[in-house]
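1. fold the following and give me the result.
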Amino acid sequence: MASYSVGTKLDPKAAIQKAVAYFGKEVVKLEVVDEGDCCAHLVGGGGFVHVTAVGGEGATTVNLETREWDVYVRQFMSQIGG
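-> Residues are numbered from 1 along each chain as shown. Sure thing, here's the model as predicted:
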C-alpha cells in the first residue's frame with residue numbers, strides 16, 4: 001500500500017467529485033463502494049484507491065492511499081495539484 005498527498009485549490013467536496021469521476025467513471029473504472037463530501041473508497045482490479053480531502057476554498061489537502069493504482073494516483077495528483 002502507498003500513501004500520497006497533494007494540495008489543491010479545489011474545495012474538499014469538488015476534489016472528491018473529481019476523484020470519483022477520474023477513478024470511477026472516466027479513466028480507471030473502479031467501483032465506488034463509499035462516497036461522501038470528504039472521502040471516497042473505490043475498488044477493482046485487485047486493488048483500491050481511498051481518497052480523503054480536508055481544508056477549504058483555496059487550501060485543500062487531498063490524501064490518497066492505494067494498492068495497485070499508483071500510476072493513476074500520480075496522474076490524478078498532477079491534474080488537481082496547485
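
2. show me the strands in this protein, by range?
-> Under the criterion DSSP state E, the chain contains strands at 2-8, 31-35, 39-44, 47-56, 59-67.

3. okay, those strands in CSV with mean neighbour count next?
-> All C-beta atoms are positioned from the backbone trio N, CA, C, and that covers glycine. Shown next, in CSV, are the strands of the chain (neighbours: other Cβ atoms under 10 Å):
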stretch, mean neighbour count
strand 2-8, 15
strand 31-35, 13
strand 39-44, 19
strand 47-56, 19
strand 59-67, 18
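
4. looking at the ones you listed, which is closest to Ala15?
-> strand 47-56 (4.2 Å; Cβ to Cβ).

5. that closest one versus strand 2-8: what angle between them?
-> 30 degrees (axes from the mean of the first three to the mean of the last three Cα atoms, to 10 degrees).

6. and strand 47-56, average pLDDT?
-> Averaging pLDDT along strand 47-56 yields 95.

7. now that strand: how far from the chain's centre is it?
-> A distance of 5 Å separates the centroid of the chain from that of strand 47-56, by Cα atoms, centre = their mean, to the nearest Å.

8. what pairs with that strand, parallel or antiparallel?
-> According to DSSP bridges, strand 47-56 has the following sheet partners: strand 39-44 (antiparallel), strand 59-67 (antiparallel).

9. reformat these as TSV; add distance to Ala53 and mean pLDDT.
-> What follows is the strands paired with strand 47-56, written out as TSV (distance: least, Cβ to Cβ, whole Å; pLDDT from 0 to 100):
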stretch	distance to Ala53	mean pLDDT
strand 39-44	7	98
strand 59-67	5	97
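
10. tabulate those (CSV), appending distance to Gly24.
-> Listed next are these as CSV, based on distance: least, Cβ to Cβ, whole Å:
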stretch, distance to Gly24
strand 39-44, 6
strand 59-67, 14
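
11. counting contacts, what elements does the lengthiest helix in the chain pack onto?
-> Identified as the longest helix of the chain according to DSSP state H is helix 70-80. Under the contact criterion of 3 or more Cβ pairs under 8 Å, 6 or more residues apart in numbering; DSSP states H and E, helix 70-80 touches strand 2-8, helix 12-20, strand 59-67.
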